[in-house]
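# how would this look folded up:
(chains A and B)
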Amino acid sequence: MSFLSIRNLSVRLKKGPPLLRRVSLDVAAGEVRGLVGESGAGKSMIGKAVLGILPPSIEVTEGEILLDGVDLLRLPLAERRKRIGAMAALIPQDPLTALNPSHRIGPQITDRLVDILGWTRPKADARARELLAEVQIPDPDRVLRSYPHELSGGMRQRILIASAFAAEPRLIVADEPTTALDVTVQKQILKLIAGMQARHGTALLFVTHDLGVVSKVCQKLSVLYAGMVVEDTSVTDFFAAPRHAYSAALLAATPKYTDPLAGLQPVPDAVIAAVQAEVAAFDKGVAHG
Amino acid sequence: MQVLRLLFTRLATTAITLAGVAVIVFFVIRVVPGNPIAMMLPPGATEDDIARLSALYGLDKPLLTQFGIWVAGVIQGDFGTSITTRQPVLDLVLGRLPATLELSIMALIMAMILGGAAALTGTRFRGGRTEGAIDVANGMALSVPDFLWGLVLILLFGVLMPVFHISGRVTPSLELPFTTNFYLFESLIRLRFDLWADIVAHMFMPALALAIPLAAIIGQLLKQSLKETVNLDYVTLARTKGYGETRVILREALRNAALPTLTLVGVQFTFLIGGTVIIERLFSYEGLGNMAIDAVINRDLPLIQGIVILFAVIFTGVNLIVDLLYTVLNPRLRHG
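Residues are numbered from 1 along each chain as shown, chains lettered A, B, ... in the order given. From the prediction side, this is the model:
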């Protein structure tokens, strides 16, 4: 039984077009699944739905999100939040906006331990120091007393990673955690997340548009197009031989480090047309019941 | 350091502001028609009587000379003598100041509680009927001026359901063992809750009348900035930590959303103090504003000057306090 199991999840803008079309995917305990697709394909939307933070303008029209066997969508709001808070965590995309500017770093890591899990303050503080050391932050005591604006972007992303692991969640959603960072910092952060994931045995849902990242971090992969899963496979199979034409084109479009310019191939129009026809056929099928 | 530098520059600009206010009030009240001598003498007084009385108060001297005499006195802490009561202006004004300060601060606290509650409730139930109802109530509170609220309150709680006193500051028959004029504050310190209750029952309606429009402004602005803040990334992150929505709003959003509201409250609070002039009159509350109206009616020039200068000092003081609070609440400004 997978730790996270999404079944036929469809969401749409209220009275608007669908954004996810019967998405199904599984993340087993300790497994890393990548979610790839172009901008607007709905990959972040899946992560947000799992964590219960879809914007109010978006509604779920069907499906189930089973977290450790319990359908989150059937729980009342307060209970859903508690369950998610105890079992899952988020590594956000932009470290510059994800920390509260008027609170010190320390409480932002320890608050959930004390308030939600009922730890004592000293125990939570010790845990925070230990975590900052684990994400290789020098002088943890000073950093815990700092305000976010006193720290660099890379430092803040390390703090957010430490904070995500604080309560030993069994699932972490990483929402393009390196996109907002400098290229030089990206690699370190990626290594850090992979290392932490392996040590803690946490399942990871890794949202990214970078297939290079997927090849380094993930075991499983879902490729999305227009809110539809077009391929669900293992990473080794995918890089050996992608099954879907769109996946293959996506793979071909990835810049090669050896010859960056030659590798820049846009997805061919024919492939786009084919996958859009698939989406249209799906919508027609839904409309006809 | 930041705070000290702010204090120093503010004191310098305050001095200039006060000098400007002094010039304007001195000359304006002497240019407008009507003079104190005419108010004092019975109809049919001779030219000679008028001249003698003018000389007694120094009103026969050239304007600039009069101004010089007054400024020289003010610098030494002497604001002159009231023409109507013949008491030192400074004593009169400082004697009334506590009444007005207590009323204004009470009104401010009421406004912050009412406005804050409206904003938080509206944000918690945003997009629903509760928010709509709060918006309507806010609009109503805002479109009716404070003195009209005063009349409405008198009708409601003074006439139809007489639970509060409609005039004065304290029941006159009560014995007051106070050494200061801060009745509300001192009755608390002395644990005289019987007196405190009586003072609150007198102050409640004028304070509420002053508070309602300000509460509406606070409610509107704070709700607006809360609604922007609740969609920010760090607030969303807090939702994934297991907190309920109310706690998310209070812990993560409120402090950051309160900053823009705070500046506005500072400005609006000075308007509120201005509003005490009419409200104190309406409720026969013995404060500065009530005294100001009497002083203007009697053309008591030294007293008007003293009251206006004191109001100017209060206004600049309020603005300074707001700026200091802003620095304390926003850590990003502290290490500039």
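
# Quick one: name the residues of the stretch 101-250 of chain A near chain B.
A:101, A:102, A:111, A:112, A:115, A:116, A:147, A:149, A:160 (C-beta under 8 Å from any C-beta of the partner chain). Using the backbone N, CA and C atoms, a C-beta is placed for each residue, glycine as well.

# By neighbours, which of those wins?
residue A:160 (26 neighbours; other C-beta atoms under 10 Å in any protein chain shown).

# now the helix or strand harbouring it: how far from the chain's centre is it?
Using DSSP states H and E, residue A:160 maps to helix A:153-165. Chain-centre distance of helix A:153-165: 15 Å, with C-alpha atoms, centre = their mean, to the nearest Å.

# Buried ones in that helix, by neighbour count?
By neighbour count on 16 or more other C-beta atoms under 10 Å in any protein chain shown, the buried set for helix A:153-165 is A:154, A:155, A:156, A:157, A:158, A:159, A:160, A:161, A:162, A:163, A:164, A:165.

# Enumerate every residue touching residue A:170.
Going by C-beta atoms under 8 Å, 6 or more residues apart in numbering or on different chains, residue A:170 touches A:3, A:29, A:68, A:87, A:88, A:202, A:203.

# Can you tell me which of those residues comes closest to residue B:39?
Closest approach between the contacts of residue A:170 and residue B:39, by C-beta to C-beta: residue A:88, at 78.8 Å.

# Just the element for the closest residue to chain B within chain A, please.
Taking C-beta to the nearest C-beta, chain B has its nearest neighbour within chain A at residue A:85, 2.0 Å off. If you go by DSSP H and E, residue A:85 is part of helix A:77-87.

# Mind exporting the C-alpha coordinates of that helix to PDB?
Extracted C-alpha coordinates of helix A:77-87, given in PDB (Å, rounded to 0.1, in the frame of the first residue of the first chain):
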ATOM      1  CA  LEU A  77     -10.800  21.300   7.400                       C
ATOM      2  CA  ALA A  78      -9.300  21.400  10.900                       C
ATOM      3  CA  GLU A  79      -8.800  17.600  11.000                       C
ATOM      4  CA  ARG A  80      -7.300  17.600   7.500                       C
ATOM      5  CA  ARG A  81      -4.900  20.300   8.500                       C
ATOM      6  CA  LYS A  82      -3.800  18.400  11.600                       C
ATOM      7  CA  ARG A  83      -3.300  15.100   9.700                       C
ATOM      8  CA  ILE A  84      -1.300  16.900   7.000                       C
ATOM      9  CA  GLY A  85       0.700  18.800   9.600                       C
ATOM     10  CA  ALA A  86       1.600  15.600  11.400                       C
ATOM     11  CA  MET A  87       2.500  13.500   8.400                       C
END
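
# which residues sit against it?
A:50-52, A:67-68, A:70, A:72, A:75, A:112, A:116-117, A:167, A:169-171, B:239-245.

# show me what contacts residue B:21?
B:308, B:309, B:312.

# With adjacent residues omitted, what lies nearest to the residue most central in space within chain B?
By C-alpha atoms, centre = their mean, chain B has its centre lying nearest to residue B:273, at 2.1 Å. If you skip the residues right next to it in sequence, residue B:273 has residue B:104 as its closest partner in space, 5.1 Å away by C-beta to C-beta, 6 or more residues apart in numbering or on different chains.

# Sticking with the one you found, tell me its helix or strand.
Going by DSSP H and E, residue B:104 is part of helix B:89-124.
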